[in-house]
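Asker: A predicted structure for the sequence below; I have some questions about it.
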There are 4 protein chains.
Amino acid sequence: MKIGLIGLGKMGYNLSLNLMDNHHEVVAYDVNKEAVEKLSNEGATGAFTVEELVNELPLSPKVVWIMVPAGEVTENVITELKELLSEGDIIIDGGNSNYKESVRRAQDLQEKGIYFFDVGTSGGMEGARNGACTMIGGDAEVFRTIEPIFNDICVENGFMYAGKSGSGHFLKMVHNGVEYGMMQSIAEGFEVLEKSQFDFDYEAVARVWNNGSVVRSWLMELTENAFSKDPKLDSIKGVMQSSGEGKWTVETALDLQTATPVIALSLMMRYRSLEEDTFTGKVVAALRNEFGGHGVVNK
Amino acid sequence: MKIGLIGLGKMGYNLSLNLMDNHHEVVAYDVNKEAVEKLSNEGATGAFTVEELVNELPLSPKVVWIMVPAGEVTENVITELKELLSEGDIIIDGGNSNYKESVRRAQDLQEKGIYFFDVGTSGGMEGARNGACTMIGGDAEVFRTIEPIFNDICVENGFMYAGKSGSGHFLKMVHNGVEYGMMQSIAEGFEVLEKSQFDFDYEAVARVWNNGSVVRSWLMELTENAFSKDPKLDSIKGVMQSSGEGKWTVETALDLQTATPVIALSLMMRYRSLEEDTFTGKVVAALRNEFGGHGVVNK
Amino acid sequence: MKIGLIGLGKMGYNLSLNLMDNHHEVVAYDVNKEAVEKLSNEGATGAFTVEELVNELPLSPKVVWIMVPAGEVTENVITELKELLSEGDIIIDGGNSNYKESVRRAQDLQEKGIYFFDVGTSGGMEGARNGACTMIGGDAEVFRTIEPIFNDICVENGFMYAGKSGSGHFLKMVHNGVEYGMMQSIAEGFEVLEKSQFDFDYEAVARVWNNGSVVRSWLMELTENAFSKDPKLDSIKGVMQSSGEGKWTVETALDLQTATPVIALSLMMRYRSLEEDTFTGKVVAALRNEFGGHGVVNK
Amino acid sequence: MKIGLIGLGKMGYNLSLNLMDNHHEVVAYDVNKEAVEKLSNEGATGAFTVEELVNELPLSPKVVWIMVPAGEVTENVITELKELLSEGDIIIDGGNSNYKESVRRAQDLQEKGIYFFDVGTSGGMEGARNGACTMIGGDAEVFRTIEPIFNDICVENGFMYAGKSGSGHFLKMVHNGVEYGMMQSIAEGFEVLEKSQFDFDYEAVARVWNNGSVVRSWLMELTENAFSKDPKLDSIKGVMQSSGEGKWTVETALDLQTATPVIALSLMMRYRSLEEDTFTGKVVAALRNEFGGHGVVNK
């Protein structure tokens, strides 16, 4: 199939190579011309505007995969595509868009007869390159047209038609919420080891936990990799950034009146890690001093 | 009543003055001779050994109030008193002993016919001086003998015979667990204010919240006091120490298979505040780098 | 002062009486005519439409206090008032509106020169009647015009000009978040008591904790009241409803990247209490069965 | 090697078969004679007392693997073995003993020159049968004698000499803490899906999440298995039992002043699931009624 691909960042570039490995033709566009040229050298057709990309695609239907930052950039690209595409054409948003936006966009594009698929993509850069995991929301009938793409670029059993519009990004969002919880669980375990009376080899611990144990998982394999490079992680600080899906998961849980204490706390401990000192701590310390005369640590 | 008082720290010294204000005689002992002398000047009878203190007390029954650090010191004092006291005598442990220890000590002292009362004391130094809050476990009948003491030294409605041995310290332990949760609640609220787009006067906030609102409380009054001295708490660090009762409350909750998420988290956020960086954070940061190529903060 | 009051529910009705006690004139409107008539009998001027209410008020400036459900009802009333009021007039929203709405409404009304004050009100029905606690956001200069109202209807030190528009409702929102945490703290404490080996009199516990202890507070007084009516709370179920401010507090904390574990968990335990069984529980039980052959509880 | 195996429950029986598959001789004892006879039919030498088992083992050194319930049963077996074994002999505790007990037992057995290894075993029944995961604490030198056993019965890279006595059971304890967190994370994710506006096929979700995604793991595979048998888990209740390691992990974290909010909450949500109604909920509901007149749900 000939596929338009907009966005050649870490994920989009690898995905393009993956598509071409699987004998798809890629027409590629990115605001960064160097990325377009680099991918052209790998066999893609380069486009230097979105319009050029759309014109390069065959009729009935044109298929465009978007892999750009969620939010404003995605919105702008889709707005431009809506102008350029026609009834029956297909837009695939493979980025980390909020599922509510995807529901809205699908409805909006439907006005013009354009089909929209919201595709959550997991597996990191390596997955994008060699076999991703995707969760797809959109029209069930039309999905059959693009199913071969997913069959090719994903690992075995690694794609799922999830349901109506929004369900793909919803599933990816919750996947990331689960991921936050699993990462925090593993990390807390290692902190208990670190504080203990024993002197563990963390790389060896991650390796044994990843072979035959109940907690064996890709994240544990990655833990082993991380410790193999830096046995005590002495070179980095414990600052835990987050993108948006964990927060959206908690917000969604609140909207659904669902108790998700572990996912919520995983997120909040990330926020806590962004600060050296907290106002919460100051207030508690000041209160202990007020009622009990307990000492405070002065700055 | 003539009462032996062992331990003239912040709490014990103030309690002695409180007892004397209420026309009780105090025979006081502390390892720190200066404290004994200072209290003697206030009208107490000083004793320079536990034995001397016991000998100064009238027979039938001798009443000794212990106000020393929980654990080993309390254990040693009680062991010594067990030797010196006789059937019918009374030991009051007004410190923050673990209730399990108090159950054991009561049983142990019963062998010799000595009555043991475990007394949780709240209200801080000011309470000890001018009107404390006490929760008392031990023999219900014998309690009547010492009830006048509590009637005198506590604020109105400020003492409670809680039940059999251990119940007094148990109640104080849980009181402190509740206190941890309330303090953390207040402190988190102020942190949200601090991070907000608004520019609040925290002393004024604490004052208004302490007058007429649902959250009015002594802790809110103390919050107002703290902000009146240091409007943004700029002079202190948010290091939240803890003694033992919060931890015991959580351990007890675990033993009773009781979910106490708020008390548990209040405690854990205190532990978190003791560290500048965490191993948990390092592991999560390293994992994000492994699977997504996300940047880490190097040391 | 002559004040228009829209909304004669539990809070608005009591507030009207409070205003009249303090020699203000009240022009009252509610969709429920009976409430209007009832308040007329107490001395208010009844109005049967918003227009009628506005016409009853003197010029320069007209002051209208809204005390209706947050969201759509508040929005509709304000939209109608915007039509009817003129430059220099004042709208006070005393309900539990989301502070973001209040920021927007203030800006919107400013177009027409109408001043908007967002007023968070605490203290329950009793407070509304006899002395409330209020936190007020809006124009600092114009606030002086209405300050006497707050001076009259609030307890001493019970009102605060908090800052620019939105700050009043923001402060009330966070107040409620703190309230959630304090309530959950107290409640967890009593659950530990309930599961313990001791047999406590909970009314007595709440009383002693409310006299001289560190956790003394209005909520503890209310706890005592509740136990005085039903010693073990046998007559009710532990279903914890919530309105919206606790959720907003957590959402705001997430937006501000602030860790508020205790407030978040207080909210989530409320959600958990709405269910008899959980899907989370089923998944964990099924997993334990899968890997360890551990028994499950069949329905 | 000829190995004594005490305890033929789910784990011990499978482990014996595993050992024999790998050409070890097993002398087996269990209080349940049928289990002994059944295993004898599989090629083991049956013993009907611990003494008989010990006598069947060759000298220098005798190796006995214990696989019985932690606590009293393990204690009794070790006490009996201490009498029967001699200097240089080896006891392996493969059960879920508390690491503190293992430290104590190792010291105690050292008096008589008996070597003790605390071995945490993971991987469930299937692992015990076909390739387990083990973490081993004890004397580093003597470990070489028994290393071939672990090499045979574990999956590749599936065993680890962890360090001095106690470290094996410590590592297994923390492993289980991590497991609690990971299970709760997965389960919370599915609850969000269940409450959402979408209609997901959970077996398909677990499958896609287990192929190529970041959260792929054995637990996700088991989740798929569980949903394949009961698509909505309609047949079971969400009652989450726990054995002891999760609780020990939290207790250890508290002793080490380590914040492990996710592991702690995973445990507490299990406790919460054991109850239909909570006293916490009653207190909060009663308080809401007291201050706001909010309705309660009567029983």
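Answerer: Yes, it's here.
Asker: And A:Glu101, how close does it get to A:Gly7?
Answerer: 16 Å (Cβ to Cβ, to the nearest Å). Placement of C-beta: from N, CA and C, glycine included.
Asker: Give me the more crowded residue out of those two.
Answerer: Just comparing A:Glu101 and A:Gly7: by other Cβ atoms under 10 Å in any protein chain shown the higher neighbour count belongs to A:Gly7, 25 against 18.
Asker: Where do the strands of the stretch 51-200 of chain A begin and end?
Answerer: All strands of the stretch 51-200 of chain A, identified by DSSP state E, counting those that start in this stretch, fall at A:63-66, A:90-93, A:115-122, A:132-137, A:154-163.
Asker: Is chain B within reach of the longest one?
Answerer: So that's strand A:154-163. No. With Cβ under 8 Å from any Cβ of the partner chain as the criterion, chain B is not reached by strand A:154-163; the gap is at least 14.9 Å.
Asker: and that strand, which strands flank it?
Answerer: Strand pairing for strand A:154-163, determined by DSSP bridges: strand A:132-137 (parallel).
Asker: what angle do the partner strand and strand A:115-122 make?
Answerer: 140 degrees (axes from the mean of the first three to the mean of the last three Cα atoms, to 10 degrees).
Asker: gap between strand A:132-137 and the chain center?
Answerer: Relative to the chain's own centre, strand A:132-137 is displaced by 11 Å; criterion: Cα atoms, centre = their mean, to the nearest Å.
Asker: repeat for stretch A:38-58
Answerer: With Cα atoms, centre = their mean as the basis, stretch A:38-58 stands 25 Å off its chain's centre.
Asker: Now do the buried residues in that stretch.
Answerer: A:38-39, A:44-47, A:50, A:53-54, A:56-57 (16 or more other Cβ atoms under 10 Å in any protein chain shown).
Asker: Then stretch A:15-32?
Answerer: A:15-20, A:24-30.
Asker: which one of the residues you listed sits closest to chain D?
Answerer: Nearest to chain D among these, counting by Cβ to the nearest Cβ, is A:Asn18 at 11.6 Å.
Asker: Can you point out the buried residues in stretch A:64-81?
Answerer: A:64-68, A:70, A:74, A:77-78, A:81.
Asker: Please list the residues outside that stretch that contact it.
Answerer: A:3-9, A:11-12, A:15, A:50, A:53-54, A:57, A:85, A:89-98, A:101, A:105, A:109, A:114, A:244 (Cβ atoms under 8 Å, 6 or more residues apart in numbering or on different chains).
Asker: returning to what we had before: and among the strands of the stretch 51-200 of chain A, the most buried is which?
Answerer: strand A:132-137 (a mean of 29; mean count of other Cβ atoms under 10 Å in any protein chain shown).
Asker: I'd like the mean pLDDT over that one, please.
Answerer: The average pLDDT within strand A:132-137 is 97.
Asker: Return the alpha-carbon coordinates of that strand using PDB.
Answerer: C-alpha atoms of strand A:132-137 as PDB (Å, rounded to 0.1, in the frame of the first residue of the first chain):
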ATOM      1  CA  ALA A 132       4.900  -2.400  17.400                       C
ATOM      2  CA  CYS A 133       1.800  -2.800  19.500                       C
ATOM      3  CA  THR A 134      -1.200  -0.800  18.300                       C
ATOM      4  CA  MET A 135      -4.800  -0.300  19.600                       C
ATOM      5  CA  ILE A 136      -7.100   1.000  17.000                       C
ATOM      6  CA  GLY A 137     -10.400   2.900  17.200                       C
END
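Asker: Kindly provide the distance from whichever residue of the stretch 1-150 of chain A sits closest to chain C to A:Trp65.
Answerer: Closest residue of the stretch 1-150 of chain A to chain C, Cβ to the nearest Cβ: A:Asn98 (13.8 Å). Remark: distance between A:Asn98 and A:Trp65 (Cβ to Cβ) = 19 Å.
Asker: Is the helix or strand of chain A with the lowest mean pLDDT in proximity to chain D?
Answerer: Least confident helix or strand, chain A: helix A:124-130 with a mean of 91, by mean pLDDT, DSSP states H and E. Yes. Judged by Cβ under 8 Å from any Cβ, helix A:124-130 and chain D are in contact via A:124, A:127.
Asker: And that helix, what's buried?
Answerer: Buried-residue list, helix A:124-130, by 16+ other Cβ under 10 Å: A:124-125, A:127-129.
Asker: nearest to chain B, of those residues?
Answerer: Nearest to chain B, judged by Cβ to the nearest Cβ, of those is A:Gly124 at 4.1 Å.
Asker: is the longest helix along chain A up against chain C anywhere?
Answerer: In chain A, assigned by DSSP state H, the helix with the most residues is helix A:167-195. No. Shown here: helix A:167-195 not in contact with chain C (Cβ under 8 Å from any Cβ), separated by at least 11.0 Å.
Asker: contact partners of the helix or strand following that helix?
Answerer: With elements assigned by DSSP states H and E, the helix or strand that comes after helix A:167-195 is helix A:202-209. For helix A:202-209, contacts defined as Cβ under 8 Å, 6+ apart pick out A:190, A:193, A:215-216, A:220-221, A:223-224, A:227-228, A:231-232, D:122, D:133-135, D:157-160, D:162, D:171, D:175, D:178.
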